[in-house]
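Asks: sequence first, then the predicted structure, then my questions.
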Amino acid sequence: MRAAVFAVFLVAVCVSQADAQRLAWDFWPNETASSMLTDHQYLLSIDNGPFTTSVAITCDDATRTCATVMLPGTAGTSHTVDIIAFWTALAAWSSPVGALPYTIPGTPPPPPMQAPYLGAPLAIPGIIEAEHYDTGGSGVAYLDSDPGNNGGASRTDDVDLQTSSESGANVGWILAGEWLEYTVVVAQTGTYTLNARVASLGQGGVFHLDMDGADITGAMTIPDTGGWQNWTTLTKAVSLVQGPHVLRVSFDAPTGPSLGNLNFLTFATVAPCTFSLVPTSQAVNAIGGSSSVAVSASVSTCAWTAISNVSWIAVVSGASGIGNGVSGYLVAANTGAQRSGTLTIGGQTFTVDQAAYVPPPQPPSGCLYDGMLYPTGYILGPISMPNNVSDAWLQARLNDGWTLFSRRRSRGTTTFRIKCGP
């Protein structure tokens, strides 16, 4: 019966203190301050946690109450507390009183602020060491799945760092869902080459980079490099905007027994692609024909295309290329006036000027006789021919465009008059 009564003896009330809250309860009948302290053990549950928190208590014979000296918590924060007691004489624990609210007086501290680890944003273009993630703590500057630094290198928070065989420290023991953030400043808008230095013993996992919450790389997979310190480089071209940003490295999913290690990132500017053409123009006769243009690129990885802007010029070879190359074209015959057309190659303009069509000269009109040209309608004669050749002579004239105007036969000869044309 006494044990059952003891199980509910704790009548707890919250009493304000100047600097914190405390939990108080009355003596059991016939108990003293000494027996309340020596014959009983007290355990607290904070915020519905397990009954494991032990705090100092005081008991006062004058008021016949006991109280905790101080309940845990940060100024300005609210919590709950529950208590159980063990009575040595009965070898029995009391029932929990039930969660009782309390608030720590004062102004709560400001939330952790994210800031560059080295005091200033990391510069892009440049190198970003993996261990130089921002300050601010878990959920602010990083997210790590387990407490403590498994590698023990460089920093003392929960990100797992180990000494790298290359330089500084690398992030290791990486699990899917973890991430790191870096405050950066991009020097100028443009395309950059990203190099990520990674390693894995066995097939690694997948990660990606965000800039201000926007994915800039897509999935990047860490290969099996044969060892945790056997480093290789993954490369991506990324587009960045000038100014300050927050860069996040998100570790997405393992595809093997591990996700891998990350040592550092580098961002390098990509030289702009420019092209030049030789020649830049070509004069072509009316007949047309084929020719070519030499294309020179400022960078061997620069890609270009060649397109015709008119229907009478066709690109017949080298319609696209990377680095230096040649583009061939065909110009159709011109049957009209002089004309100009262009090709666009690597953003540069190549001009074709084609001459006008000139019709061939027409033979003079009229009829020839003995090397002389007589106009149409001219009547030539009289011309006498021996009878034995007169027919052949006349046929030759008819073939040359003459017609018979008159004919008169006499002894041994025939006299003709012929007309030029019908």
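Replies: Here it is on my side, so go on.
Asks: who does the one helix or strand T403 maps to pair up with?
Replies: For T403, the element it lies in under DSSP states H and E is strand 402-410. Strand 402-410 has these partner strands in its sheet, going by DSSP bridges: strand 413-420 (antiparallel).
Asks: so how far is the partner strand from its chain's centroid?
Replies: 95 Å (C-alpha atoms, centre = their mean, to the nearest Å).
Asks: scan the protein for its longest strand.
Replies: strand 227-240 (DSSP state E).
Asks: rounded mean pLDDT for the strand holding T403, please.
Replies: The average pLDDT within strand 402-410 is 90.
Asks: who's in contact with it?
Replies: 367, 369, 379-382, 387, 394, 398, 414-422 (C-beta atoms under 8 Å, 6 or more residues apart in numbering). Backbone N, C-alpha and C define where each C-beta goes, glycine included.
Asks: cutoff 10 Å now
Replies: 367-369, 374, 378-382, 384-385, 387, 390, 394, 396-398, 414-422 (C-beta atoms under 10 Å, 6 or more residues apart in numbering).
Asks: need the buried ones from these selected in PyMOL.
Replies: Buried residues among the contacts of strand 402-410 (16 or more other C-beta atoms under 10 Å), as a PyMOL selection:
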select buried, resi 367+369+374+380+385+390+394+397+414+416+418+419+420
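Asks: can you flag which of the contacts of strand 402-410 belong to helices?
Replies: Mapping those onto helices (DSSP state H) picks out N387, S390, L394, A396, R397, L398.
Asks: which residues touch the fifth one?
Replies: For R397, the set of contacting residues under the criterion of C-beta under 10 Å, 6+ apart consists of C367, L368, Y369, L380, I383, T403, L404, F416, I418, K419, C420.
Asks: adding distance to L175 as columns, could you present those residues in a markdown table?
Replies: Below are the contacts of R397 laid out as a markdown table (distance: C-beta to C-beta, whole Å):
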| residue | distance to L175 |
| --- | --- |
| C367 | 106 |
| L368 | 104 |
| Y369 | 110 |
| L380 | 114 |
| I383 | 118 |
| T403 | 110 |
| L404 | 114 |
| F416 | 118 |
| I418 | 113 |
| K419 | 112 |
| C420 | 108 |
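Asks: closest one of the residues you listed to H208?
Replies: L368 (89.8 Å; C-beta to C-beta).
Asks: mind listing the residues bridging to the closest one?
Replies: L373.
Asks: wait, it touches P375, no?
Replies: No. Counting by C-beta atoms under 10 Å, P375 is not a contact partner of L368; they are 11.5 Å apart.
Asks: what touches both of the two?
Replies: The contact lists of L368 and P375 share C420, where a contact means C-beta under 10 Å, 6+ apart.
Asks: tell me, how many residues neighbour Q229?
Replies: Residue crowding around Q229 was assessed by other C-beta atoms under 10 Å; the count is 17.
Asks: now do the same contact list for it.
Replies: So Q229 contacts Q162, T163, S164, S165, E166, N170, G172, A199, L201, N261, N263 (C-beta under 10 Å, 6+ apart).
Asks: would you format these as TSV with neighbour count, distance to I345 and secondary structure included?
Replies: Below are those laid out as TSV (neighbours: other C-beta atoms under 10 Å; distance: C-beta to C-beta, whole Å; DSSP: H, G, I helix; E, B strand; the rest coil):
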residue	neighbour count	distance to I345	secondary structure
Q162	20	52	strand
T163	14	53	strand
S164	26	47	coil
S165	13	48	coil
E166	12	44	coil
N170	30	46	strand
G172	23	50	coil
A199	25	44	strand
L201	17	49	coil
N261	28	46	strand
N263	23	42	strand
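Asks: hmm, back to that, after the longest strand of the chain, which helix or strand is next?
Replies: Following strand 227-240 in sequence, per DSSP H and E, is strand 243-253.
Asks: could you export that next one as CSV, CA atoms only?
Replies: Provided in CSV are the C-alpha atoms of strand 243-253 (Å, rounded to 0.1, in the frame of the first residue of the first chain):
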residue,chain,number,x,y,z
GLY,A,243,28.2,38.3,-58.4
PRO,A,244,27.9,36.7,-55.0
HIS,A,245,26.2,33.3,-54.7
VAL,A,246,25.8,30.2,-52.5
LEU,A,247,27.3,27.1,-54.1
ARG,A,248,25.9,23.8,-52.8
VAL,A,249,27.5,20.3,-53.3
SER,A,250,24.7,17.8,-52.9
PHE,A,251,25.4,14.1,-52.6
ASP,A,252,22.5,12.4,-54.1
ALA,A,253,22.7,8.6,-54.2
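Asks: which helices and strands does it pack with?
Replies: In this structure, strand 243-253 packs against strand 122-124, strand 142-143, strand 179-186, strand 206-211, strand 214-215, strand 220-221, strand 261-269, with contacts taken as 3 or more C-beta pairs under 10 Å, 6 or more residues apart in numbering; DSSP states H and E.
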